[in-house]
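> Return atomic coordinates for the entry below.
(one chain, ligands or ions: 1)
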Amino acid sequence: MSLFKQFLISYFFCLLLQSLKIVVEAQNIQQCPNPTEISPCTCSIKKNGLDVICEFTDFNHISKAMDGLKGRQNSIIFYLKLRHNNMPKLQGFVFLGLDIHHLTIHNSSLAVVEETSLSSIGLDTLEILTLYENKISVIESDAFRGLDK
Ligand SMILES: *[C@@H]1O[C@H](CO)[C@@H](O)[C@H](O)[C@H]1NC(C)=O
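Sure, this is the predicted structure:
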């Protein structure tokens with residue numbers, strides 16, 4: 001095979017890969033779930049993913065809203081902000097399978113963080129965890145396992 005033919009073949013192969021990449025990226029455009037699926041939480045789309053806010057509610061409602069988010073594959077939850085809620089306990093697996101990058105729990109009377117609540121978030125995804133104005137008294141020993149950032 002001539003060098004020129006080889007060059008042409010690699011060139012077209014590159015073009016093909018490039019267009020495949022564009023197709024894949026187009027499919028990755030983030031979409032919020034239907035508002036009723038995550039009510040009373042709200043969702044908006046930010047540059048790097050979804051921004052989900054849950055306020056003035058309780059753990060059961062938040063847990064249901066998380067189930068609504070879990071129904072969507074490939075969602076990137078760039079911000080999950082839980083504030084002014086009544087959720088004394090962060091139960092295990094509540095975030096399991098969600099791709100959460102920044103988690104904030106603020107003024108939510110949080111006292112107990114169960115072992116598997118935080119460690120079940122994707123090991124590589126959670127970048128920032130902020131807890132403030134809560135009532136933390138118990139954090140189970142393995143709660144942060146795998147969160148090595
Ligand atoms: C904290 O949350 C409660 C509702 O659970 C709210 O009434 C109160 O105003 C909040 N406090 C602050 C400082 O935002």
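
> which residues does residue 55 bridge with?
Beta-bridge pairing for residue 55 (DSSP bridges): residue 83.

> Wait, it touches residue 86, no?
No: assessed by C-beta atoms under 8 Å, residue 55 is found out of contact with residue 86, at 11.1 Å. No exception for glycine: its C-beta is placed from N, CA and C like everyone else's.

> any shared contact partners between these two?
By C-beta atoms under 8 Å, 6 or more residues apart in numbering, residue 55 and residue 86 have no common neighbours.

> what sits against the one residue sitting closest to the centre of the chain?
Closest to where the C-alpha atoms of the chain average out (C-alpha atoms, centre = their mean) is residue 100, at 2.2 Å. By C-beta under 8 Å, 6+ apart, residue 100 lies in contact with 77, 80, 121-122, 125-126.

> and these, which two are the farthest apart?
Farthest-apart pair in the contacts of residue 100 is 80 and 122; separation 12.7 Å (C-beta to C-beta).

> Please name every helix or strand in contact with the longest helix along the chain.
Scanning the chain for the helix with the most residues, using DSSP state H, yields helix 3-27. Helices and strands in packing contact with helix 3-27 are not found; criterion 3 or more C-beta pairs under 8 Å, 6 or more residues apart in numbering; DSSP states H and E.

> For the ligand, see how far away residue 20 is.
48 Å (C-beta to the nearest ligand atom, to the nearest Å).
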